[in-house]
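next comes the sequence, and after it the predicted model I'd like to discuss.
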Amino acid sequence: MSDDPPDPARLPDDVAALAEDLDRVGGAGYRVDAVAALLGPVADAALHREQPVPARRAVAAALAQGDPLAALVAPLVLGAAVPEADLARALPRCGVDGAARLGLVRRTDDGLVAPLVELRPYAAVDARGPADWWVASDLGEMAVPGPLRTDHVLGIGGASTTLARATVRGEVGRALDLGTGCGVQALHLRRHAREVVATDVSSRALRLAALTLALDDAAPDLGGSPGGDPSAAGRRAPVDLRRGSLLEPVAGEEFDLVVSNPPFVITPRDAGVPAYDYRDGGAVGDALVQHLVEHVGDVLAPGGTAQLLGNWEHREGEPWRERVGAWLDASGLDGWVVQREVLDPAAYAETWVRDGGQPPGPAFDALVGAWLDDLAARRVEAVGLGMVVLRRPRTGAGGRLRRLEEVAGPAAGPLGAHVADVLAAADLLADLDDAGLASRRLRVADDVTEERHARPGAEHPEVVLLRQGSGFGRVVRVGTAVAGVVGACDGELPLGALVGAVAALLERPAEEVAAEVLPAVRGLVGDGLLVVDDEGVAP
């Protein structure tokens, strides 16, 4: 018999009562800032490092003082049982009975109430403004010693927030969250799409996502409506939850935006290695990510965009750009791949064995060995981790954008607007030859600064760096001619005139300076450090 959580659609009164309690508990509500204040900076920072001891001590002290917020944090964040009376005071409308009916808790034989799932507050800011949500998932390693269950539903992690921050948030008609898990991407999508479909292979994930979305429906409006229409405040797009693998549940349909944090982990297909629904798609190597890249275009509407996370193998004698580039070519779409990190086989194996909750010991070592054997069988020298952006052109075939690059280090901020700018710049540059580019007015993006480095006493700098303050935080080294042109890009004069002026100052032929500057400017526009004036072509 399935032990999946109950369907919240059958318990609307309990959902509404729970949302009201969560909104009001302790005066500030069950929200990220309130929980952080309860824990204090030391315990809160430790909890983000997966170290719960300081948080447990802080919550125990608050519980002793009768703090109702602590009675929620203890079971729903830390996975600890609490006296029934304490939880009842924290949930005066829903009550312990309502929380039990919703599958959040169970009563124990010693008068305590123990958690069955996590329910954490989540705060985010996207193009639609700030939002606060409550996200349901399975209990994590802090509450479940030993390996996790194979149908474990992961809560909000680094990959989830990375994808959410990178997603383009323009208004769209239909959006797809492929592999929704706890439902966090669907929460974001319903703020700027008129219709959302969310799929998962796991029935347990769909039940927990349903609770996440039901609480969002029942919560007070926190701004950000589909289409950005102020008159539609409080409206949230409907989300259609469907069970099935990859693109099967939406075959024959079209979407304007697809986002996916898929089960991309490269896991040995060995009977002794557990496969987790949330991370292991059942394919050999990186074949699942390859399949998505090559086939997600089947469900993209003209002009539609797909954004997904993935891992790919670096195989001996086969550069990763060639392997993944072949996937882009097979897709027939515009494609942009950003590799953010590279792990050697041992580091990759250790990461995912730990992720499954396996403690150190012989079983841990055996799993690491299985991973190493599997990777070695395909001559894998390393594994890349990163992001893929795909787009179906409105007319004709793809090919306006084919970009595979490595950008290490943390991003400088939310990436969604930057991704949109890069796609728009690719379209613009594809339609501009050198003469067309020279006729346009450009300006330096607002977030770009310049650094000059010189030897002590030197009259001129030896190194000039352009530093991007947002997006991927790129740092571009430029020569004297390019630096001079960029410094003059204020939107007043066409690029060709600036090139001529710099050439005269440097006493160099204009054609020579143009040959140096124009390709560099294309790169700077493509990366978002320079912005082409939309007013049109200079006379």
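Okay, I see it. Numbers count the residues shown, from 1 in each chain.

now do the same contact list for Ile477.
That one is not Ile; residue 477 is Arg. Residues near Arg477 by Cβ atoms under 8 Å, 6 or more residues apart in numbering: Val463, Val464, Leu465, Leu466. Just so you know, the C-beta spots here come from the backbone N, C-alpha and C atoms, and that holds for glycine as well.

so who does the last one touch?
The contact partners of Leu466, by Cβ under 8 Å, 6+ apart, come to Val448, Thr449, Glu450, Val475, Val476, Arg477, Val478, Ala483, Val486, Leu524, Leu529.

which SS class is it?
strand (DSSP: H, G, I helix; E, B strand; the rest coil).

just give the closest residue to it, not the sequence neighbours.
In space, and not counting its chain neighbours, Leu466 is closest to Val476: 4.6 Å by Cβ to Cβ, 6 or more residues apart in numbering.

sec struct for the one you found, please.
strand.

same check, this time on Val419
Secondary structure state of Val419, per three-state DSSP, is helix.

quick one: pLDDT of it?
Val419 is assigned a predicted lDDT (pLDDT) of 95.

contacts only, for it.
Going by Cβ under 8 Å, 6+ apart, Val419 touches Ala166, Thr167, Val168, Gln307, Val389.

for the lengthiest strand in the chain, packing partners?
If you go by DSSP state E, the chain has its longest strand at strand 300-315. Under the contact definition 3 or more Cβ pairs under 8 Å, 6 or more residues apart in numbering; DSSP states H and E, strand 300-315 sits against helix 158-166, strand 172-178, strand 255-260, helix 287-295, helix 320-331, strand 380-391.

may I see the buried residues of the first one?
The neighbour-count check on helix 158-166 (16 or more other Cβ atoms under 10 Å) flags Ser160, Thr162, Leu163, Ala164, Arg165, Ala166 as buried.

check the offset of that helix from the chain's centre.
2 Å (Cα atoms, centre = their mean, to the nearest Å).

would you mind pulling the contact partners of that helix?
124, 126, 154, 181, 184-185, 188, 259-261, 307-309, 387, 411, 414-416, 419.

least confident secondary structure element in this protein?
strand 530-537 (a mean of 72; mean pLDDT, DSSP states H and E).

need the contact list for the residue lying closest to Leu119 once chain neighbours are set aside.
The spatially closest residue to Leu119, leaving aside those adjacent along the chain, is Leu76, at 4.4 Å (Cβ to Cβ, 6+ apart). For Leu76, the contact set (Cβ under 8 Å, 6+ apart) comprises Leu104, Pro115, Glu118, Leu119, Arg120.

among those residues, which one sits closest to Gln65?
Pro115 (21.3 Å; Cβ to Cβ).

surely the closest one meets Pro75?
Yes: taking Cβ atoms under 8 Å as the definition, Pro115 is a contact partner of Pro75 at 3.9 Å.

who has more neighbours, these two?
Pro75 (28 against 22; other Cβ atoms under 10 Å).

surely the more buried one touches Ala114?
Yes: using Cβ under 8 Å, Pro75 is in contact with Ala114, at 7.0 Å.

between these two, which contacts overlap?
Joint contacts of Pro75 and Ala114 (Cβ under 8 Å, 6+ apart) are Ala81, Val105.

flag the shaky bits of the stretch 201-350 of the chain, pLDDT-wise.
For the stretch 201-350 of the chain, the stretches with pLDDT under 70 are 221-235.

80 instead?
220-235 (pLDDT under 80).

the stretch 351-500 of the chain too?
Along the stretch 351-500 of the chain, the parts satisfying pLDDT under 80 run over 395-400, 409-413, 459.

what ranges does it have for its helices?
362-377, 416-430, 434-438, 480-488, 495-506 (DSSP state H, counting those that start in this stretch).

what angle sits between the longest one and strand 380-391?
Spelled out, it's helix 362-377. Interaxial angle, helix 362-377 versus strand 380-391 (axes from the mean of the first three to the mean of the last three Cα atoms, to 10 degrees): 70 degrees.

now do helix 362-377: which elements does it pack against?
helix 345-355.

with respect to Ala520, which of the helices and strands packed on strand 300-315 lies nearest?
Of all these, it is helix 320-331 that lies closest to Ala520, at 21.7 Å by Cβ to Cβ.

could you list the residues in contact with that closest one?
Outside of helix 320-331, the residues within contact range by Cβ under 8 Å, 6+ apart are 290, 293-297, 312-315, 335, 337, 339, 384, 390, 398, 402, 404.

what comes up buried for stretch 403-423?
Within stretch 403-423, the residues scored as buried using 16+ other Cβ under 10 Å are 404, 407, 411-412, 414-423.

from the residues you listed, which is closest to Gly173?
Of the buried residues of stretch 403-423, the one sitting nearest to Gly173 (Cβ to Cβ) turns out to be Ala420, at 16.7 Å.

for that closest one, which non-adjacent residue is closest in space?
Spatially, and ignoring its direct neighbours in sequence, Ala420 is nearest to Val168 (4.6 Å; Cβ to Cβ, 6+ apart).

CA atoms only: put stretch 78-89 into CSV for me.
In CSV, the C-alpha atoms belonging to stretch 78-89 read as follows (Å, rounded to 0.1, in the frame of the first residue of the first chain):
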residue,chain,number,x,y,z
LEU,A,78,14.7,20.2,12.1
GLY,A,79,12.7,16.9,12.0
ALA,A,80,12.3,16.8,15.8
ALA,A,81,9.2,15.6,17.7
VAL,A,82,7.4,18.2,19.9
PRO,A,83,4.8,17.9,22.7
GLU,A,84,1.3,17.9,21.2
ALA,A,85,0.2,20.8,23.2
ASP,A,86,3.0,23.0,21.8
LEU,A,87,2.1,22.2,18.2
ALA,A,88,-1.6,22.8,19.0
ARG,A,89,-0.9,26.3,20.2
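
which positions within that stretch qualify as buried?
For stretch 78-89, burial by neighbour count (16+ other Cβ under 10 Å) applies to Leu78, Gly79, Ala80, Ala81, Val82, Glu84, Asp86, Leu87, Ala88.

now do stretch 382-396
Buried residues in stretch 382-396, counted by 16+ other Cβ under 10 Å: Ala382, Val383, Gly384, Leu385, Gly386, Met387, Val388, Val389, Leu390, Arg391, Arg392, Pro393.

could you do stretch 110-122 as well?
Quick answer for stretch 110-122 (16+ other Cβ under 10 Å): Leu112, Val113, Ala114, Pro115, Leu116, Val117, Glu118, Leu119, Arg120, Pro121, Tyr122.

run the chain-centre distance for stretch 369-386.
Centroid separation between stretch 369-386 and its chain, computed with Cα atoms, centre = their mean, is 24 Å.

could you do stretch 310-322 as well?
Worked out by Cα atoms, centre = their mean, stretch 310-322 lies 22 Å from the chain centre.

picking that back up, which of the contacts of Arg477 sits closest to Phe255?
Among the contacts of Arg477, and counting by Cβ to Cβ, the member closest to Phe255 is Leu466, at 36.7 Å.

distance of the closest one relative to Ala424?
20 Å (Cβ to Cβ, to the nearest Å).

what about Pro6, how many neighbours?
15.

which SS class is it?
Going by three-state DSSP: Pro6 is coil.

got the contact list for Thr22?
You called it Thr, but residue 22 is Leu. Contacts of Leu22 by Cβ under 8 Å, 6+ apart are Gly29, Tyr30, Leu72, Trp134, Leu215, Ala219.

isn't the last one right up against Asp23?
What that stands for is Ala219. Yes: in this structure, Ala219 is within contact of Asp23 by Cβ under 8 Å, at 6.4 Å.

of those two, give the one with the bigger neighbour count.
Between Ala219 and Asp23, counted using other Cβ under 10 Å, Ala219 has the larger neighbour count: 21 against 17.

in space, what's closest to the more buried one - neighbours in sequence excluded?
Per Cβ to Cβ, 6+ apart, closest to Ala219 is Ala19, 5.1 Å.

off-centre distance for the helix or strand that neighbour falls within?
Element membership for Ala19, per DSSP states H and E: helix 12-24. How far helix 12-24 lies from its chain's middle: 28 Å, per Cα atoms, centre = their mean.
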